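> sequence unavailable; structure follows:
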């Protein structure tokens, strides 16, 4: 059966150019960048070239890019690193952040820091006034994601960053979903997190942008790699792959975004013809590849499993698919009732998605929804 | 994390048995809550103390649908007494196991059946 992969917000298929660029660093060029001999220097050079490539596309200095193992690590490094550095104070984030930001901040709350979770509106947007009102003299850090992983809602990070800077706070954005998919300006940003596997790069490598002149306490102490911020022997192959993926993503960004938006909007239009369905998130201010729907009377896990049987790979914010049996905090934060959050379906397109894929989804989805509704006691 | 469902659970998920409702059922049991993401209704037809027909409607995850379906298969043709003795563990075993986090679905299926039987008994005192 043909498989249609519409879970690109979860992870993406590494591009062949990326794998090809990485391969030598997993085979003959296996040197440790810290070694003084020529193979070590060769690895160090490849790593620094990669850093420069990423910095060029992001608009930073190369020395402001720190390689880490994941988006989760980048986010934890900033949140805990700032907190450990400042030792006390107030941290602001918001309710639809990724679990790693939510749970790291909650943990800092248990360690004596004051935490504020800003509310979002019914489209998942953080309003500037909401942040302004929450700012305090002792606010040390504001962390607001660039774009949401479930609903794709894009936040006005530069304006929010400016508000953080009106006070004494530093501003961090989790750009794991946004990096490579939309232009990002660093104007009011002190820290930015990104991950390679969301843009057709390898798993296990991410980066943290940290503005020059801002120091934070490292999570890992050791040999002083990454200018003391992240000790660990570097994942050279992963870093080279990340740079290649970045280069390709930025070269194609405009045209690919336009292509995905057109496909996605046709998908949204078709899906919303299904009775008792709706779009979660913002109608226009969302990532090019994200569509997130709600269907009344049915539960998302059943929906995902039945779509899988038709060859469609999707995801849901339903409680049943989660480890804690609670529905998506993103959907409930926007004001969705738990029973409506259970019936959510996320379809995230990628560079291999085609019009034929959208047509196939639109051909299969109504019947799958109908079959689950026929089984549901809630429709009576 | 993806749920590791057995092949049997997936089969029941794909083609559940005895879906629907029974008009003028002898007993009806509805349990669960849409807020929690699981609701199960069971309908039984009873003749001479034997459950001759059983149907279900379920709103819930793959495990909830599969346990409902399996329960109806296990119950059909059994006496009330035999049906009442079916445990959540037997149900999970018949499905070649359920992920730990989904074991409550088997509890729900047992509860729904018990409620339907209680409804039948209440009407036929």
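Thanks, I have it. What you see is a predicted model; the values in this text were computed from it and never measured. Numbers count the residues shown, from 1 in each chain, chains lettered A, B, ... in the order given.
> contacts, neighbours, all on C-alpha from now
OK.
> confirm that residue A:185 lies within a strand, as I assumed.
No: per DSSP: H, G, I helix; E, B strand; the rest coil, residue A:185 lies outside any strand segment and is coil.
> what is the neighbour count of it?
Residue A:185 has 12 neighbouring residues, counting by other Cα atoms under 10 Å in any protein chain shown.
> what does it show for phi and psi?
phi -100, psi 140 (degrees, to the nearest 10).
> find the nearest non-adjacent residue to it, please.
residue A:158 (7.2 Å; Cα to Cα, 6 or more residues apart in numbering or on different chains).
> try residue A:51
Residue A:51 sits nearest to residue A:62 (Cα to Cα, 6+ apart), 5.6 Å away.
> residues touching that neighbour, list them.
A:48, A:51, A:52, A:54, A:55, A:56 (Cα atoms under 8 Å, 6 or more residues apart in numbering or on different chains).
> now, which of those residues sits nearest residue A:238?
The closest of the contacts of residue A:62 to residue A:238 turns out to be residue A:51 (Cα to Cα; 11.8 Å).
> that closest one in helix, strand or coil?
helix.
> how about the helix ranked longest in chain B: buried residues?
Scanning chain B for the helix with the most residues, using DSSP state H, yields helix B:103-123. For helix B:103-123, burial by neighbour count (16 or more other Cα atoms under 10 Å in any protein chain shown) applies to B:103-117, B:119-120.
> which stretches in the chain count as helices?
In the absence of a named chain, chain A is used. Using DSSP H, helices in chain A cover A:16-22, A:38-58, A:71-86, A:99-110, A:128-134, A:157-166, A:236-271, A:300-309, A:329-333, A:338-341, A:355-375.
> nope, chain B please
So, for chain B - with DSSP H - the helices run B:7-14, B:62-75, B:80-84, B:88-94, B:103-123.
> want to throw these into JSON lines with mean pLDDT and distance to residue A:266?
Formatted as JSON lines, the helices of chain B follow (pLDDT from 0 to 100; distance: least, Cα to Cα, whole Å):
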{"stretch": "helix B:7-14", "mean pLDDT": "93", "distance to residue A:266": "28"}
{"stretch": "helix B:62-75", "mean pLDDT": "94", "distance to residue A:266": "29"}
{"stretch": "helix B:80-84", "mean pLDDT": "96", "distance to residue A:266": "50"}
{"stretch": "helix B:88-94", "mean pLDDT": "93", "distance to residue A:266": "42"}
{"stretch": "helix B:103-123", "mean pLDDT": "93", "distance to residue A:266": "37"}
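> and of those helices, who's closest to chain A?
helix B:62-75 (5.1 Å; Cα to the nearest Cα).
> does that closest one come close to chain A?
Yes: among the residues of helix B:62-75, residue B:62 lie within reach of chain A under Cα under 8 Å from any Cα of the partner chain.
> what sits up against that helix?
Helix B:62-75 is touched from outside by A:301-302, A:305, B:9-10, B:12-13, B:16-19, B:38, B:40, B:51, B:54-56, B:58-59, B:83, B:91-92, B:94-95, B:98, B:102, B:105-106, B:108-110, with contacts defined as Cα under 8 Å, 6+ apart.
> specify the angle between that helix and helix B:7-14 in degrees.
90 degrees (axes from the mean of the first three to the mean of the last three Cα atoms, to 10 degrees).
> tell me what the lowest-mean-pLDDT helix or strand in chain A is packed against?
Least confident helix or strand, chain A: helix A:338-341 with a mean of 88, by mean pLDDT, DSSP states H and E. The criterion is 3 or more Cα pairs under 8 Å, 6 or more residues apart in numbering or on different chains; DSSP states H and E, and the helices and strands that helix A:338-341 contacts are strand A:290-295, helix A:329-333.
> hey, least reliable of those by pLDDT?
Looking at these, the lowest mean pLDDT belongs to helix A:329-333 (a mean of 92).
> which ones are touching residue 102?
Looking at chain A here, since you left the chain open. A:93, A:95.
> my question was about chain B, not that one.
residue B:63.
> for residue A:129, see how far away it is.
42 Å (Cα to Cα, to the nearest Å).
> again, but for residue A:285
19 Å.
> okay, the two: which has more neighbours?
More neighbours surround residue A:285 than the other of residue A:285 and residue A:129, with 15 against 11 (other Cα under 10 Å).
> got the contacts of residue A:62 as TSV, with neighbour count and pLDDT columns?
Shown next, in TSV, are the contacts of residue A:62 (neighbours: other Cα atoms under 10 Å in any protein chain shown; pLDDT from 0 to 100):
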residue	neighbour count	pLDDT
A:48	18	98
A:51	23	98
A:52	19	98
A:54	24	98
A:55	19	98
A:56	13	98
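> dump these to CSV, plus distance to residue A:28.
As requested, those are exported to CSV (distance: Cα to Cα, whole Å):
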residue, distance to residue A:28
A:48, 19
A:51, 21
A:52, 23
A:54, 24
A:55, 27
A:56, 28
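> re the thing from before, which residues are in contact with the least confident helix or strand of chain A?
A:294-296, A:317-318, A:327-328, A:331-332, B:34-37.
> most neighbours, which of those?
Neighbour max across those (other Cα under 10 Å) = residue A:318, 31 neighbours.
> retrieve the pLDDT associated with it.
73.
> pull up the gap between it and residue A:199, please.
From residue A:318 to residue A:199 the distance is 25 Å (Cα to Cα).
> and residue A:337, by the same measure?
33 Å.
> swap in residue A:168?
With Cα to Cα as the criterion, residue A:168 and residue A:199 are 33 Å apart.
> more neighbours: which of these two?
The residue with more neighbours, out of residue A:168 and residue A:199, is residue A:199; 28 against 15, by other Cα under 10 Å.
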